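> Coordinates for the following, if possible.
(chains A and B)
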Amino acid sequence: MAATRRSAKPKIRPPRKHESEVSPEETWNRLSRNIREIHNHNAAKLSFEENYRYAYNMVLYKSGSMLYDGVCRLVAENVDRLAEEEIIPAFRSGGSSDPMQQGQEAELLLRALRRVWNFHTGNMLKLRDILKYMDRVYTKSNDVPEIWDAGLDIFLEHIIRAPIQDHIVSAVLILIQIERDGYVINRSAVKECVDVLLDLAVDHNGKTVYKRDVEPAVLTASEAFYKVEAERLVTTCDASEYLRRVEARFESEKSRTHHYLYFQTGPPLRKILEQYLLTQNLSTILNMPNSGLDSMIDVHKVEDINRLYRLSTMVPIGLPTLRRALKDSILRRGKDINQSSVNSDHQEDGEMDGEGAGAGTAQAKGKGKGKARVQGGTPQTLTVALKWVQDVLDLNDKFDRLWKEAFEMNREVEGSFHEAFEDFVNLNEKAPEFISLFIDENLKKGLRGKTDTEVDLVLEKTITVFRYITEKDAFERYYKNHLAKRLLFGRSVSDDAERGMLAKLKIECGYQFTQKLEGMFNDMKISQETMQAYRDYLENTSPPELELSVTVTTSTFWPMSHSASTCVLPELLTRACKSFEHFYLSRHSGRRLTWQPSLGNADVRVQFKSRKHDLNVSTFALVILLLFDNIAGDEFLTYEELKSATLIPEPELQRHLQSLACAKYKILKKHPPGRDIDPSDSFSFNNDFACPMQKIKISTVSVKVESTEERKETRERIDEERQYQTEACIVRIMKDRKRMTHNDLINEVTRQLAMRFQPNPQDIKKRIETLIDREYLERCEDRKSYNYLA
Amino acid sequence: MNVPSSEKDDGWVKLVSPDQYSFLVKRSVAMMSGTLKNMLSVDSSFKEALANTCPINERAPVVEKVCEYMAFKAHYEGAGAKEEVPINEFTERIPPEVALELLLTADYLEV
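Prediction:
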């Protein structure tokens, strides 16, 4: 249709043929001449259009293969020529060993390669433009690479070959080595060369010449280098220096891969550094005498430790190794503290200025002056306890600081710290007692020079040590004792501080833990109210001759009941007691009151020769003094007489006699004089006593730290209590679950009791057996589990 | 389209036909042709690139039509999908007598 319509219009002229009169051979001759001109950098004199037309015509007139092969041949010739002219002369002479000269030679070679590459790619760009029609039409249908890719292949084949290839790789290696040795090299030369090699793919997966030839060589050379380097550093440097060098090496290799190698080389290279510089030598470095981890901690080299930490986290075995070393270090320090505490414990009877730790001795002396009444061993034992806790706190502080400053608050490191502290704190079996004593000291005296916040800080820290104790129940027992004494003797200066501490314990161990302690506070409060009521009651009746103040304590809350030491009270005191009993029992029927004279104290006015003094003495001391009231001033009472008259238990009697006769204020005279009380001694009233002060407090020589027997007793009581707790726990669990396997039960019990102490599976088993005997539980037929019997 | 050849500007390129006609087109318009683009490429810097002048081995009416088409293409190349390209109007403007030559030239110039 279209043809018929167009037939009316002017005739379509046949298109003119593009110089078809010239033969393909002639065309190719012209074109190849021009290509040679291009290779000689004379493109500017050539017409693009002309050459394009030549190529166009050759493709059009079926001479594509002649064109393609011819161009490839010309390119190859040119590349060979360039290699001959540029690269071969730049080969290393190999004669020189001067690193600077070696470096320059290597650089020249790399530069030559780059130059050849630049020429080649420049030429290929022009050829690609001219031969565009060939690329569009000929190459695809004939399944040959486009001319640009063919150019790359030619370059690969003619340049990247022996010996040029080896020379280039070794030049790169030489430059890297020179830079590693601390000289400056021309990085851009390497970079340019590496870029060339990165552009050349050797197979269809895109593997480059760099990846094939350069990277493995670089890695092998690096491995050899760092093997030697690590050896050298370990033998010549101390730990800090080593770490500094290693870090610098990591830095420089990083910048190397970043600036002139390929980024993919980074990870394997780093692996080599990690392997030889860290993994292999880490424990050697940590344990280096005089400069390893221990001494770094000693002198608090935060920066070095931080570097150590950072480097350690790079390798998988690093952190565990570091943690182990830290744990060892803490354990060793902790054991030192334990050891020095045991040592000074043994010195108890020795001289004050024995060979104990310097600080501890000084402290003991200071105290000796301030509180001259206390004698010999006891204060020092107390000092030992305080010193131990203080040392542990200091150590804790030190590592806490390190943790924050050097270990970047790493949780795993913190875990190791805790483990280590827990381990060594529990190695000291007196730890619960010592900590309780420490708190006691702070709540008793510490408040006087310190502000509330300071005390709070100290207690807060103590709690951290407390956390390490596994035998929390033992601590509770001691704390209860100390608290009871503080409360009853009114020594606790601040109720707020006490309650604050209690709150802290409650947070740590839960409500159950502090229940009894809170009961004690409650008793104190109720007693105050009771005394108010009692005083009101006395106003209406005839008051006894002396003023009486009573604290009523619930026996289950307070720790005293078991050590109830009684005595024969003088008539005067008995009457007063009866009066209170009458009052109290009338208000609360069905209750039983037991008097605890060992916990009381009294104010008494005594007439000496020179003047009257108000003495504050313990109840027992008052009982003893009242005996002397009945005899003439210069008469004696023997130890035996005192004993039979008062019936005070012997250790108590000795303690109180000692505080009356041998301490700072000698109210009684001992015959013969001496420091310790002997059953053969006799005593008389010291009428000549003189003192500038009106009021004198005769504090009892206290037994602060337990003696061995007491410790044994406490131990037994704790064990007994644990038995009950274990049983209660088992029953609680079984009541809930009804049926459980042996292992599950043991695990659950252990888990629940861990808050208070670390139960021994053997003991739990024993408890289960007694519960079976008592028919709380029964064994199932499978012999592995138990049933709960309601 | 027949602009005096004395006018010279960086933004303009001269196309010369063998029958001594010169066509000045914007560089961006000339760039529509792959061949002209390579010809004028500064990287290769052949004679044409230096002189900013390209010989085209066709008679003037054909070259003129090629220039018109390149301008047309440059104008509508960035057009969105909604904008209608008046391709029919253009084809109607092609004189049948040059159609075949135009076709070959288009192939040669890679327009």
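> Residue of the stretch 151-300 of chain A closest to chain B, please.
A:G151 (14.2 Å; CB to the nearest CB). Backbone N, C-alpha and C define where each C-beta goes, glycine included.
> and that residue, that one's in a helix?
Yes. Counting by DSSP: H, G, I helix; E, B strand; the rest coil, A:G151 is located in a helix.
> count of neighbours near it?
Here the count is done by other CB atoms under 10 Å in any protein chain shown, and A:G151 has 23 residues near it.
> Could you pull up the contacting residues of it?
With CB atoms under 8 Å, 6 or more residues apart in numbering or on different chains as the criterion, the residues that contact A:G151 are A:75, A:120-121, A:123-124, A:127-128.
> give the contact list for whichever residue of the stretch 301-450 of chain A sits closest to chain B.
Proximity of the stretch 301-450 of chain A to chain B (CB to the nearest CB) peaks at A:M314, 46.1 Å away. Each residue near A:M314 by CB under 8 Å, 6+ apart is listed here: A:250, A:274, A:278.
> Could you save those residues as a markdown table and add columns showing pLDDT, distance to A:R774 and secondary structure?
Shown next, in a markdown table, are the contacts of A:M314 (pLDDT from 0 to 100; distance: CB to CB, whole Å; DSSP: H, G, I helix; E, B strand; the rest coil):
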| residue | pLDDT | distance to A:R774 | secondary structure |
| --- | --- | --- | --- |
| A:F250 | 86 | 68 | helix |
| A:E274 | 83 | 62 | helix |
| A:L278 | 80 | 61 | helix |
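> contacts for stretch A:206-213?
By CB under 8 Å, 6+ apart, the list of residues contacting stretch A:206-213 reads A:156, A:160, A:165, A:169, A:194, A:197-202, A:262, A:264.
> before we move on, the earlier item: tell me which of the contacts of A:G151 fall in helices.
With helices taken from DSSP state H, the overlap with the contacts of A:G151 comprises A:75, A:120-121, A:123-124, A:127-128.
> one step back: out of the contacts of stretch A:206-213, which end up buried?
A:156, A:160, A:165, A:169, A:194, A:197-198, A:200-202, A:262 (16 or more other CB atoms under 10 Å in any protein chain shown).
> For the longest helix along chain B, give the mean pLDDT please.
Assignment by DSSP H gives helix B:60-77 as the longest helix of chain B. Taken as a whole, helix B:60-77 has an average pLDDT of 85.
> In that helix, which residues are buried?
B:60-72, B:74.
> Which is the succeeding secondary structure element to that helix?
Note on helix B:60-77: by DSSP states H and E, the next helix or strand toward the C-terminus is helix B:87-92.
> so how far is chain B from A:K140?
Distance from A:K140 to chain B, counting by CB to the nearest CB, to the nearest Å: 15 Å.
> sorry, back to before: can you lay out the ones in helices among the contacts of A:G151 as a markdown table showing pLDDT and neighbour count?
Output for the ones in helices among the contacts of A:G151, formatted as a markdown table (pLDDT from 0 to 100; neighbours: other CB atoms under 10 Å in any protein chain shown):
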| residue | pLDDT | neighbour count |
| --- | --- | --- |
| A:V75 | 84 | 23 |
| A:H120 | 85 | 22 |
| A:T121 | 86 | 16 |
| A:N123 | 84 | 23 |
| A:M124 | 85 | 21 |
| A:L127 | 83 | 24 |
| A:R128 | 84 | 20 |
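> filter these down to the ones near chain B?
Restricting the ones in helices among the contacts of A:G151 to those within reach of chain B (CB under 8 Å from any CB of the partner chain) leaves nothing.
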